[in-house]
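Peer 1: Sequence and computational prediction follow.
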There are 2 protein chains.
Amino acid sequence: MRFLHTADWHIGKKLAGFDLIEDQRAVFEQVKQIARDQAVDAIVVAGDLYDRALPSEAAVTTVNEMLVELNRDLALPVLAISGNHDSAVRLATGREWYQATQLYLNTQLSEAFTSVTIDDTQFFLLPYFEPFAARQYFDDDKLTNINGAMPRVVAEMVAQFEPDKRHVLVAHFFAAGSSHSDSETLVNVGGLDSVAVDDLAPFDYVALGHLHNRHALNMDRIQYAGSLLKYSVSEANQDKGVYIVDTETMTREFIPVVPEHDVKTVTASFETLLSSDYRQTMNTDDYLAVTLTDVQVIPNVMQKLREVYPRIIGLGRKQQVAIASQLTVTKRHLAPMTLLAELFEEQMDQPLSAQQQKWAERALRAAKEAD
Amino acid sequence: MRFLHTADWHIGKKLAGFDLIEDQRAVFEQVKQIARDQAVDAIVVAGDLYDRALPSEAAVTTVNEMLVELNRDLALPVLAISGNHDSAVRLATGREWYQATQLYLNTQLSEAFTSVTIDDTQFFLLPYFEPFAARQYFDDDKLTNINGAMPRVVAEMVAQFEPDKRHVLVAHFFAAGSSHSDSETLVNVGGLDSVAVDDLAPFDYVALGHLHNRHALNMDRIQYAGSLLKYSVSEANQDKGVYIVDTETMTREFIPVVPEHDVKTVTASFETLLSSDYRQTMNTDDYLAVTLTDVQVIPNVMQKLREVYPRIIGLGRKQQVAIASQLTVTKRHLAPMTLLAELFEEQMDQPLSAQQQKWAERALRAAKEAD
């Protein structure tokens, strides 16, 4: 069989105040198209459907629609788990009814041991869980971390393996590329809340969610899908998409999606950014983290940039602004009021008025008294 | 057929800070037992399943369990609508799946015109709706209130009546016992956001939710179920329960439920309330709104009462407390500090210490300066 592996939708996520829900809907249309084009037999969603435990009504509407579209409109089995960003309780609403149309949605550890078999593959759907859930389920107070609990979890799954099937684990955790024998490395890499990849050896494929970078692990059979979109500036250079996994050949293929508005970092001078030549090289509607190469003060810089690039999500300087560096070197001897007057004139292109000067003097006096 | 008519569960409701969820679970067990004993063919829930648009996880768990127990464990058709306390969006989660097991859950006006037929009865499930939803659905800007919209809603339902069936409307609104011809009365009774009962004439039965008093209307075929529990002191004298409606005879029977902790008003003296004779006449675990007949000041009165009656939800006095009335008559001439010292001694059974006297004097001085 062939399934589509996606994760970390984070529906309802905002990026520097920008609501991403329309971007999420748009990219989800591509995911559906991929599912159709690839004629997959099932969809795997490895957690973090929502961005918050208490999602907005718009986010609830969107996730509900996404599940309806995958499971009812496309009539595909859906194998989903809750991630650490989901409320297990809220996400579980309707669960008892969903299975009738092969929408399997696990939100509790105890549910992970009832496998779902589709064609040649036996799926184990392990939601994100806290150590206390493992202590409760296994009735063992010594299970104080995920790393210690996973061998127990896996053993209980392995005990149920149907020998003639492929075995796929769907999970949402931090998997660290090291073994138990080298516990020092494990602690260094992911800590006790990470899972040692060696523990996952019994599975033919582990469809992971949690880390947004699909390259986070470099392993043949343990794979992060990556997030649906770039959800921070640090993800600007990551490619996003979904995996198509073939359980007959046990191979996978990455199929990229193209966001309506990309997340990019830009480093240029203010003048360059506003020049028409440069603008033509840009998708000005992208989410941009801008680093200015300028050293001088630019009045109302964000407002001016946003007239051209409406989705600026960050603004920084390559070098310290000139006024600051000059200050330390050449202007340190100036009286505070003189300095303030110079700075004002530089920024506002006009000197302080008499009234403004009075206010400034009063403020400086107050600051001095407070010293 | 026979159906059970309930409404206004308000799961997650707090009463004067007391979480009612265990009381709600307990009384719901009785509702289930009634459904079994009466061998009903369906359950009608006329809105306000939740108390808040954004319910707690405990409330979500409880409502989810209640629907599972009615629809899946008892295997009964459930006909439910959202009320004004529910979030239509959140409550609708899973809706597309629910119908497979005859759980019909309407949260949008447009859904009200797809009827559900069970045995001899055609049900129309009309959720709580705002006038704008009617304007949108009927594409008519003149529908500015519920009163104006209802004739249109009912007409569209009547057009779909199967003539050989009973016709039952499930709705959540304020129905006012007056006719359109007497608009003055209508406005007096319920205003333009109420529905004139004459508009509901085409139905054999109207199963209502919204008002918590089942006696709010005195009509044969238009009935409020009343709330699951007493949800305010003003409901202390109301009986709570469910209706069993027989569509063959078009008769209904009220079957009461008994709360684990009742809501009661008590008027007595402090001494009486704490006397062992009186306590034996009381269920001291009830939610009590206490009115004291005493006139003197009673130090730490709430704390002392709660040692015996842990669920006090209100505390008042039948008469003004003596100190206040005496004050106006005999003590008006006293200096503020003298008055304060007397009051303190009366309440605390000890005089002000030297330190307390200093603080009091300082406070009075500050109050005088602020005058």
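Peer 2: Okay, I see it.
Peer 1: okay, CA-based contacts and neighbour counts for the rest of this
Peer 2: Will do.
Peer 1: What count of nearby residues applies to the residue in the stretch 151-300 of chain A that chain B sits nearest to?
Peer 2: Residue nearest to chain B within the stretch 151-300 of chain A: A:His172 (21.5 Å; C-alpha to the nearest C-alpha). When neighbours are defined as other C-alpha atoms under 10 Å in any protein chain shown, A:His172 has 28 of them.
Peer 1: Bridge partners for it, pull those for me.
Peer 2: A:Gly209 (DSSP bridges).
Peer 1: Enumerate every residue touching it.
Peer 2: Shown in contact with A:His172 (C-alpha atoms under 8 Å, 6 or more residues apart in numbering or on different chains): A:Ala46, A:Gly47, A:Ile81, A:Ser82, A:Gly83, A:Asn84, A:Leu126, A:Pro127, A:Tyr128, A:Leu208, A:Gly209, A:His210.
Peer 1: Which pLDDT value goes with it?
Peer 2: Each residue has a pLDDT score; the one for A:His172 is 97.
Peer 1: can you pull the pLDDT of whatever residue of chain A ends up closest to chain B?
Peer 2: Per C-alpha to the nearest C-alpha, A:Gly94 is where chain A lies closest to chain B, at 4.8 Å. The model reports A:Gly94 with a pLDDT of 97.
Peer 1: show me where pLDDT drops low in the stretch 1-150 of chain A?
Peer 2: By pLDDT under 70, the stretch 1-150 of chain A has no low-scoring segment.
Peer 1: So which bits of the stretch 1-150 of chain A are right by chain B?
Peer 2: By C-alpha under 8 Å from any C-alpha of the partner chain, the residues of the stretch 1-150 of chain A that approach chain B are A:57, A:60-61, A:64, A:68, A:89-90, A:93-98, A:100-101.
Peer 1: Put the buried members of those residues into a PyMOL selection.
Peer 2: Buried subset of the residues of the stretch 1-150 of chain A next to chain B, written as a PyMOL selection, criterion 16 or more other C-alpha atoms under 10 Å in any protein chain shown:
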select buried, chain A and resi 57+60+61+64+68+89+90+93+94+95+96+97+98
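Peer 1: which ones are touching the residue of chain A closest to chain B?
Peer 2: Counting by C-alpha under 8 Å, 6+ apart, A:Gly94 makes contact with B:Asn64, B:Thr93, B:Gly94, B:Arg95, B:Trp97, B:Tyr98.
Peer 1: what about the strands in the stretch 251-371 of chain A?
Peer 2: With DSSP state E, counting those that start in this stretch as the criterion, the stretch 251-371 of chain A has strands at A:251-256, A:263-268, A:287-292, A:312-317.
Peer 1: With distance to chain B as new columns, can these be given to me in CSV?
Peer 2: What follows is the strands of the stretch 251-371 of chain A, written out as CSV (distance: least, C-alpha to the nearest C-alpha, whole Å):
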stretch, distance to chain B
strand A:251-256, 30
strand A:263-268, 31
strand A:287-292, 30
strand A:312-317, 30
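Peer 1: Which of these sits closest to B:Lys13?
Peer 2: strand A:312-317 (41.1 Å; C-alpha to C-alpha).
Peer 1: would you list every one of the helices in chain A?
Peer 2: Assigned by DSSP state H, the helices in chain A fall at A:21-37, A:57-68, A:88-91, A:95-98, A:131-138, A:146-158, A:183-189, A:270-274, A:276-280, A:301-308, A:322-330, A:336-348, A:354-370.
Peer 1: quick one: buried residues of the fifth one?
Peer 2: With burial defined by 16+ other C-alpha under 10 Å, the residues of helix A:131-138 counted as buried are A:Pro131, A:Phe132, A:Ala133, A:Ala134, A:Arg135.
Peer 1: What is that helix packed up against?
Peer 2: Other helices and strands packing on helix A:131-138, by 3 or more C-alpha pairs under 8 Å, 6 or more residues apart in numbering or on different chains; DSSP states H and E, are helix A:146-158.
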